[in-house]
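S.K.: What follows is a predicted structure for the sequence shown.
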Amino acid sequence: EVQLVESGGGSVEPGGSLRLSCAASGFIFSNAWMGWVRQAPGKGLEWIGIIRRESDGGTAEYVSPVTGRFTISRDDPSHTLYLQIDGLRTDDTGIYYCTTVDFWGQGTRVTVSS
Amino acid sequence: EVVLAQFPHSLPVTLGQPASILCRSNENLVFTNGNTYLNWFQQRPGQSPRRLIYFVSNRDSGVPDRFNGSGSGTDFTLTISRVEAEDVGLYYCMQGTRWPWTFGQGTKVDI
């Protein structure tokens, strides 16, 4: 059974940082492109970025609003995906999902407020 | 950026009756390899998204056969042949043909 379990969310002040993690199981993690999607309260789904598998270069792509502040990385031996978020803004508030596109985690909530 | 427009934004449905959602792209979604990376997702209240359809018309494992995807190029449709109570929620189309991948704004389906 495929499982994606996010963690690391919480409440932070503007300008702060968070590191989200996603523990994956039930599939060959090293073969998968992985991504992060967020959902602001009461809003739709928004892609943050993706990271390719190592055999496809292992590089990451980001959407414009987060470029330079968000960093996606992966650790294949531990089957873990990461999202480092720096310079948090109030509009970064939302639920952050880890996904392979076909499978999704339950999400972790990030609240940015002073 | 590929923009996906969904119609309608809100869809009142009747149990047992069909329902359809249109997803229109501002660009052709056929990739260079000939595949069209158009997906449909369902998000029930309080839950994570669940993929229903990939490559326009392929149902994911466990998805009831009352869900059908169709279309090509720039216009795509998700049809529920006979709506059931458990189908209430938000539905999103999503393209993975060009980065940044994008979602439609969502369609709320309720009874």
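M.R.: Happy to help now that I have it. None of these values were measured; they are calculated from a predicted model.
S.K.: only C-alpha atoms for contact and neighbour calcs from this point on.
M.R.: Fine.
S.K.: residues in contact with B:Asn68?
M.R.: B:Asn68 makes contact with B:Ile53, B:Ser57, B:Arg59, B:Leu78, B:Thr79, B:Ile80, B:Ser81 under the criterion C-alpha atoms under 8 Å, 6 or more residues apart in numbering or on different chains.
S.K.: The fifth one and A:Thr67, how far apart?
M.R.: For B:Thr79, the distance to A:Thr67 equals 36 Å [C-alpha to C-alpha, to the nearest Å].
S.K.: between the two, which one's more packed in?
M.R.: More crowded of B:Thr79 and A:Thr67, by other C-alpha atoms under 10 Å in any protein chain shown: B:Thr79, with 17 against 12.
S.K.: Could I get the full set of helices for chain A?
M.R.: Along chain A, no segments are classed as helices by DSSP state H.
S.K.: can you narrow the contacts of B:Asn68 to ones near chain A?
M.R.: Counting by C-alpha under 8 Å from any C-alpha of the partner chain, nothing from the contacts of B:Asn68 sits close to chain A.
S.K.: which residue sits closest to B:Thr77, ignoring its sequence neighbours?
M.R.: In space, and not counting its chain neighbours, B:Thr77 is closest to B:Leu22: 4.6 Å by C-alpha to C-alpha, 6 or more residues apart in numbering or on different chains.
S.K.: just A:Ile85 next, same as before
M.R.: Excluding the flanking residues, the one nearest A:Ile85 by C-alpha to C-alpha, 6+ apart is A:Phe70, at 4.7 Å.
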